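Asks: I would like the atomic coordinates for the input below:
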Amino acid sequence: MKSFKGYLQEKAPAWTQSLSTMIFDLPRAGLVDLKIPLSPSIFSRVWPEPIRSTVFHLTDFEGVHKLKKMQGKKRSISAFYNMEPYIISSGIRTHGGYVVELEGDVLVAGPDDISSQPDKSGRRWLSWSTLIREMDGGSKLKGMENDLFRLLVKILIKNGEDVDAGSLDNIIGLQWSGLGKKHGGKTKSIIIKDYIDGMEQIIKKNAKGLRSVFTDYTNDREPTLDPDSGDVAMWDELVVNNFTIEKIHVAGGGTGPDFGDDDIKDRHSKILSKLKLPFQLWDDVGDMADYIARTVRKGK
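Replies: Numbering: from 1, shown residues only. Down below sits the predicted model:
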């Protein structure tokens, strides 16, 4: 069994990637895989008034301590409004069993898993395909795809690439990905800076449509029905930062503690008390899920 100190050892999330990989590695060799930065500093310049909301974050015991140190900072995390009870018990990226109730600034919100991905600095990114497909941004972001393409062409030309010699697929799949492999050091740093600065200009230009795509779900908060399967998403996803922890909820059973024994419950309460944060232990994860649903609806 881990000691209390052992639980507090921090690890980098296994699904993080380097900033360079995030920008240059396009898995399907196409514009749809291009990454959009969910940068709190960019968002605060484009939309000075943040949307504040009560949200929930699924983690494990180790993650609770990490969150405590991240309170009030720019670094963003993934959160939710709705989640199936068995997912709360089993976890997604972590062992699960611990749900942290937060008050935070919402950067992005979607009715399904939007697969936001952090780089190693903590900045999160969203693929262009997610914006136009999973988040239904196609009709609201007309013209943005051309803006993205022109940004890549501009950076390629600046770095000596002959973009006239290739098709669209070559420019995106070969020349852009190749640019990241060809350069390193200061030159690569400048290319990355040009990319992020260019993205900020694109976000500003498309601010009205993006604001709607990014945050309209905070008004709805109801997972959408999949037209093909007829099923509702197992969880939705929000990206939030500048958060404060309101309460820790611990689900008994599953990968969480077994609260069938009062001594186990007492020992767990003493461990959580060391974090100096409000907490509640739930014998039934279904009851916890009901509390989450009521809290989310109350905030609409």
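Asks: all contacts plus neighbour counts: C-alpha atoms, from now on.
Replies: Noted.
Asks: so where do the helices sit in the chain?
Replies: Using DSSP state H, the helices assigned to the chain run over residues 4-7, 19-24, 40-46, 61-70, 85-90, 128-129, 144-158, 168-169, 177-182, 185-205, 207-215, 217-220, 262-273, 285-298.
Asks: And the third one, how far out from the chain middle?
Replies: It refers to helix 40-46. Centroid separation for helix 40-46 versus its chain: 16 Å, with Cα atoms, centre = their mean, to the nearest Å.
Asks: Which positions in that helix come out as buried?
Replies: By 16 or more other Cα atoms under 10 Å, the buried positions in helix 40-46 come out as 40, 42-43, 46.
Asks: Report the mean confidence score over it.
Replies: What helix 40-46 shows for mean pLDDT is 95.
Asks: Residues contacting that helix, please?
Replies: Helix 40-46 is contacted from outside by 50, 74-76, 107, 200, 203-204, 207, 241, using Cα atoms under 8 Å, 6 or more residues apart in numbering.
Asks: buried subset of those?
Replies: Taking 16+ other Cα under 10 Å as the criterion, what is buried in the contacts of helix 40-46 is 74-76, 107, 200, 203-204, 207, 241.
Asks: Relative to Asp25, which of the residues you listed is nearest.
Replies: The shortest approach to Asp25 among those belongs to Glu200, at 20.1 Å (Cα to Cα).
Asks: which residue sits closest to the closest one, ignoring its sequence neighbours?
Replies: Closest residue to Glu200 apart from its sequence neighbours, by Cα to Cα, 6 or more residues apart in numbering: Ile42 at 6.3 Å.
Asks: how close does the one you found get to Leu107?
Replies: Counting by Cα to Cα, to the nearest Å, the gap from Ile42 to Leu107 is 11 Å.
Asks: Just send the helices of the chain back as TSV, with distance to Asp231 too.
Replies: Formatted as TSV, the helices of the chain follow (distance: least, Cα to Cα, whole Å):
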stretch	distance to Asp231
helix 4-7	37
helix 19-24	31
helix 40-46	33
helix 61-70	30
helix 85-90	15
helix 128-129	22
helix 144-158	31
helix 168-169	35
helix 177-182	37
helix 185-205	33
helix 207-215	22
helix 217-220	18
helix 262-273	36
helix 285-298	18
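Asks: Grab the two from the buried residues of helix 40-46 that are most spread out in space.
Replies: Pro40 and Val46 (9.8 Å).
Asks: returning to that earlier point: tell me which of the buried ones among the contacts of helix 40-46 is nearest to Lys120?
Replies: Arg75 (11.1 Å).
Asks: Phi and psi next, for the closest one.
Replies: Torsion angles at Arg75 (phi, psi; degrees, to the nearest 10) stand at phi -60, psi 130.
Asks: ends of stretch 62-80, how far apart?
Replies: Stretch 62-80: ends 19 Å apart by Cα to Cα.
Asks: buried set for that stretch?
Replies: Neighbour-count burial for stretch 62-80, counted by 16+ other Cα under 10 Å, picks out 62-65, 67, 70-71, 74-80.
Asks: okay, among those residues, which ones form the most distant pair?
Replies: Across the buried residues of stretch 62-80 (Cα to Cα), the longest gap, 20.5 Å, separates Glu62 and Lys74.
Asks: now do the same end-to-end measure for stretch 276-287.
Replies: Stretch 276-287 has an end-to-end distance of 24 Å (criterion: Cα to Cα).
Asks: just stretch 67-79 next, same as before
Replies: End-to-end distance (Cα to Cα), stretch 67-79: 12 Å.
Asks: Residues touching it, excluding its own?
Replies: Contacting residues not belonging to stretch 67-79 are listed as 40-41, 55-58, 116, 122-124, 237-245 [Cα under 8 Å, 6+ apart].
Asks: which stretches of this structure aren't confidently modelled?
Replies: Where the chain drops to pLDDT under 70, the residues are 1-17, 27-29, 91-96, 165-170, 226-229, 253-264.
Asks: Mind naming the longest strand for it?
Replies: Counting residues, the longest strand found in the chain (DSSP state E) is strand 237-251.
Asks: quick one: strands adjacent to that strand?
Replies: As defined by DSSP bridges, the strand partners of strand 237-251 come to strand 77-79 (antiparallel), strand 98-110 (antiparallel), strand 279-282 (parallel).
Asks: got the end-to-end distance for stretch 118-126?
Replies: Stretch 118-126 stretches 9 Å from its first residue to its last (Cα to Cα).
Asks: cool, and stretch 267-278?
Replies: Length of stretch 267-278, first residue to last, Cα to Cα: 16 Å.
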